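*Asks:* this is a predicted model, with the sequence first.
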Amino acid sequence: MTAEKGTNRAIRKENRNRIFRYICKNGRSSNPLIADALKMSLPTVLQNTRELQEAGFLYDAGVLDSTGGRKAKTVNVVADYRCSVGIDITRNHIVMVLTNLIGANVDRERVYVPFRDEEEYYRNMQQILKAFTDRNHLEQEKILGVGVSIPGIVNKRTNRIDRSHVLGLEDYPLEKMASYIPYKTWFMNDANAGAFAEGFHASEGDHFFYLSLNNTVGGCFYDRKELLEGDHFRSGEVGHMILIPDGKRCYCGRKGCSDPYCSARRLAELEENNLERFFEKLSASRSREVKRWQEYVHNVAHLIHNIHMMLDCDVIIGGYVGSAMGDYIEDIRKEVRALDLFDQDASYIRPCVFKISESAFGAALYEMEKFLAQI
Ligand SMILES: [Zn+2]
């Protein structure tokens, strides 16, 4: 093949992919609408939507009502052409989600099963997965596989968990868990998975830092559909950046890490680990909660400021705190604004879009993204 032919083929493939992703994101669309939005010629769009429809990725979605002229035919995505399952393993729960080509929340299940590195636990997980796939009547050939999110450092080179403080694991072989999952299986760190979920619906070329404020603090830099994982898969471990030298003791054994100041537990511990109740009492202006929130905002603002000075990009606040804080994000923005050298506002601090089970969704969507990339 000549270089020119190769380039033309690459351009055609890219056009087809952009058209398909546009419909995935926007739903029912007409050819003129797509051509206009993507600045492509109408014949190019027509040819691609016809091919995608012939391949089974799109279906005829009727005509658009119009106020005169010819009515435009529309197409939409066959969303269940492929699906994937995400499992989030936490200290006390197994969360399962089912998603499809458009990244929808098709089904979700959260079961109380405290993690134990024992046969009984894995058998239990296997049964929950079977019940979950059975109730959704999934056809085997449509399932891309199962993504598992783990609160720990997932080493893709050795296929092991280097360490998970939450699960009490060290140098754990991932095939042990995978052997109980009867599908193609892949593993991800929970904060990385959360970042991936946020990125799935982001625009082309988007990049951001995802700050996960869960019971532990983590993060990940997301850049145009890729995660920056680092040389040892520890990139973005901002929970162990020193925030206060010689400060509070962190679970890692050192002092002054951001984790003991910025984790969701710092708030929820006032209400028997119920974060929603914390925010309810905060909105009722209870003095104990107000005081703790001010202290928390002060510390999180410094953490975000440091991240922003380093990366100069949007910071998405995720995890339990990002999901529960609602308009209280303004308090954080205000405090960061006062620290910032350059920015007039702190609108680069964004709330997460995924409010529940983001790590399970991100893990599921990881392979879905690879599938979409080759359409
Ligand atoms: Zn630490």
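*Replies:* Received it, and whenever you're ready, just let me know what you need.
*Asks:* surely residue 229 touches residue 235?
*Replies:* Yes: contact status for residue 229 versus residue 235: in contact at 5.5 Å, counting by CB atoms under 8 Å. Where you see a C-beta, it was placed from the backbone N, CA and C, and this is true even at glycine.
*Asks:* quick check: the most centrally placed residue in the chain vs residue 6, distance?
*Replies:* Note on the chain: the residue nearest the mean C-alpha position is residue 197, at 2.1 Å, using CA atoms, centre = their mean. In this view, residue 197 and residue 6 are 34 Å apart by CB to CB, to the nearest Å.
*Asks:* re earlier: which residues are common contacts for residue 229 and residue 235?
*Replies:* Residues touching both residue 229 and residue 235 (CB atoms under 8 Å, 6 or more residues apart in numbering): residue 220.
*Asks:* in the chain, which spans are helices?
*Replies:* With DSSP state H as the criterion, the chain has helices at 3-26, 31-38, 42-54, 119-135, 174-178, 190-200, 259-262, 265-268, 275-283, 287-311, 319-324, 329-339, 358-373.
*Asks:* among the ones you listed, which is the most enclosed?
*Replies:* Highest mean neighbour count of the helices of the chain: helix 190-200, a mean of 28 (counted as mean count of other CB atoms under 10 Å).
*Asks:* helices or strands next to it in the packing?
*Replies:* Applying 3 or more CB pairs under 8 Å, 6 or more residues apart in numbering; DSSP states H and E, one finds that helix 190-200 contacts strand 83-89, strand 143-150, strand 207-213, strand 217-223, strand 226-228, strand 314-318, helix 358-373.
*Asks:* show me what the last one is packed up against.
*Replies:* For helix 358-373, the contact count by 3+ CB pairs under 8 Å, 6+ apart identifies helix 3-26, strand 83-89, strand 93-100, strand 143-150, strand 185-189, helix 190-200 as packing neighbours.
*Asks:* next, format those as CSV and append mean pLDDT and distance to the ion.
*Replies:* Shown next, in CSV, are those (pLDDT from 0 to 100; distance: least, CB to the ion, whole Å):
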stretch, mean pLDDT, distance to the ion
helix 3-26, 90, 38
strand 83-89, 98, 21
strand 93-100, 97, 24
strand 143-150, 97, 18
strand 185-189, 97, 16
helix 190-200, 95, 14
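*Asks:* any chance of the ones you listed in CSV, plus distance to residue 124?
*Replies:* Output for these, formatted as CSV (distance: least, CB to CB, whole Å):
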stretch, distance to residue 124
helix 3-26, 35
strand 83-89, 12
strand 93-100, 8
strand 143-150, 15
strand 185-189, 17
helix 190-200, 20
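*Asks:* wait, which of these is closest to residue 120?
*Replies:* Evaluated with CB to CB, the helices and strands packed on helix 358-373 place strand 93-100 nearest to residue 120, the distance being 13.2 Å.
*Asks:* so what's the backbone phi/psi at the closest residue to the ion within the stretch 1-150 of the chain?
*Replies:* Nearest residue of the stretch 1-150 of the chain to the ion (CB to the ion) works out as residue 91 at 17.3 Å. Main-chain torsions, residue 91, degrees, to the nearest 10: phi -60, psi -40.
*Asks:* where does the prediction get shaky in the protein?
*Replies:* Filtered on pLDDT under 70, the chain yields the residue ranges 1-2, 66-69, 343.
*Asks:* swap in 90 and give it another go.
*Replies:* 1-9, 63-72, 140, 201-205, 224-225, 234, 340-345, 354-355 (pLDDT under 90).
*Asks:* and it, what are its domains?
*Replies:* Residue ranges for the domains of the chain, per automatic domain parsing: 3-77, 81-196+358-373, 204-351.
*Asks:* which residue packs closest to residue 299, ignoring adjacent ones?
*Replies:* Leaving aside its sequence neighbours, residue 299 sits nearest to residue 261 (CB to CB, 6 or more residues apart in numbering; 4.1 Å).
*Asks:* CSV for the helices and strands packed on helix 190-200, including distance to residue 352?
*Replies:* Listed next are the helices and strands packed on helix 190-200 as CSV, based on distance: least, CB to CB, whole Å:
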stretch, distance to residue 352
strand 83-89, 15
strand 143-150, 15
strand 207-213, 8
strand 217-223, 12
strand 226-228, 16
strand 314-318, 4
helix 358-373, 7
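*Asks:* how about the residues of the stretch 151-300 of the chain by the ion?
*Replies:* 240, 250, 252, 257 (CB under 5 Å from the ion).
*Asks:* excluding its backbone neighbours, what's nearest the first one?
*Replies:* If the residues on either side of it in the chain are set aside, residue 240 comes closest to residue 257, at 4.7 Å by CB to CB, 6+ apart.
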